[in-house]
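Student: Fold the following.
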Amino acid sequence: FAVEFNRTTQTLNPANTIQATRIVVLSNFLIDALFNFGTVNAGKTFMVFAVGPGGTSRNLTQGQTPAGCVFGNEQGVQVTFTCNTIPPPPGPIPPPNPAVITGCTLERLASGTFTLDVVGRNIKRDATVTIGGKTPKKVKFKDLDPANAGAFSRITLKGRVCSGLPGNIVITNPGPDGPSTPFLCDKTCPAQ
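Tutor: Just a heads-up that it's a prediction; the model follows:
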């Protein structure tokens, strides 16, 4: 274990004791111990102690060894360290790239159900859509966007379409891209 050591007062601070997380005995006089000091201990000094069948090491220096005691590994080695800073992400953070809506087309299927095709660019899979503040029941992603790999240029909306028309369509891509600029779709569903 390691105990914080104040170099000015030459005293230990037992309130700040760090236990080794892994210990490997390499020989009769050499131990490999792994400590996780954490960033709160950056720049501090610690005395490292070992506990064995003969008791706990005393961290004595050469002139302090009592008569009749073998000096051994009680060398009072002071351990200091500094913490690395977290590196910034590689390269600049790309600006948001929201979907862009360029048009809408309302269609009535033979079953009497209405669908709304929304066209644009950079529409990402799993994007959320609202029409006049209402969320459609189904969103189908169609037509890969040739200008943006992995994105689509058309979606087909079904269910609760008419309740939001006419109204603003907003597509919000997953992640940091944010919502699209609202696009006013002026279509209306004719009475049944």
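
Student: Every contact and neighbour count from this point should use C-alpha atoms.
Tutor: Will do.

Student: List the contacts of residue 152.
Tutor: 121, 122, 123, 124, 125, 141, 142, 143, 144, 145 (Cα atoms under 8 Å, 6 or more residues apart in numbering).

Student: List the ones among those residues that fall in strands.
Tutor: Among the contacts of residue 152, the members falling in strands (DSSP state E) are 121, 122, 123, 124, 141, 142, 143, 144.

Student: Apart from its neighbours in sequence, what residue is nearest the last one?
Tutor: Setting aside the residues directly before and after it, residue 144 is nearest to residue 152 in space (Cα to Cα, 6 or more residues apart in numbering), at 4.2 Å.

Student: for that neighbour, helix, strand, or coil?
Tutor: Under DSSP: H, G, I helix; E, B strand; the rest coil, residue 152 falls in the strand class.

Student: Next one: it relative to residue 122, how far apart?
Tutor: Separation of residue 152 from residue 122 (Cα to Cα, to the nearest Å) stands at 6 Å.

Student: residue ranges with poor pLDDT in the protein?
Tutor: The chain contains residues with pLDDT under 70 at 29, 54, 57-89, 192.

Student: Dump the contacts of residue 152 to TSV, plus neighbour count and distance to residue 113.
Tutor: Below are the contacts of residue 152 laid out as TSV (neighbours: other Cα atoms under 10 Å; distance: Cα to Cα, whole Å):
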residue	neighbour count	distance to residue 113
121	21	26
122	23	27
123	30	24
124	25	25
125	16	24
141	19	18
142	17	19
143	12	22
144	17	25
145	17	27
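
Student: which one among those gets closest to residue 186?
Tutor: Closest approach between these and residue 186, by Cα to Cα: residue 121, at 19.8 Å.

Student: Grab the nearest non-local neighbour of the closest one.
Tutor: residue 153 (4.5 Å).

Student: In this structure that neighbour contacts residue 124, no?
Tutor: No: the pair residue 153 / residue 124 is not scored as a contact, 9.0 Å apart, by Cα atoms under 8 Å.

Student: Now do the contacts for the residue nearest to residue 121.
Tutor: Per Cα under 8 Å, 6+ apart, neighbours of residue 153: 119, 120, 121, 122, 123, 142, 143, 144, 145.

Student: Please report how far residue 97 lies from residue 131.
Tutor: 21 Å.

Student: neighbour count winner among the two?
Tutor: Under the criterion of other Cα atoms under 10 Å, the comparison of residue 97 against residue 131 puts residue 131 first, with 25 against 15.

Student: so that one touches residue 159, yeah?
Tutor: No: here residue 131 lies out of contact with residue 159, judged by Cα under 8 Å, at a distance of 11.0 Å.

Student: Find residues that contact each of the two.
Tutor: In contact with both residue 131 and residue 159: no residue, using Cα under 8 Å, 6+ apart.

Student: ok, back up a step: anything in contact with each of residue 152 and residue 122?
Tutor: Taking Cα under 8 Å, 6+ apart as the contact rule, residue 152 and residue 122 both touch residue 145.
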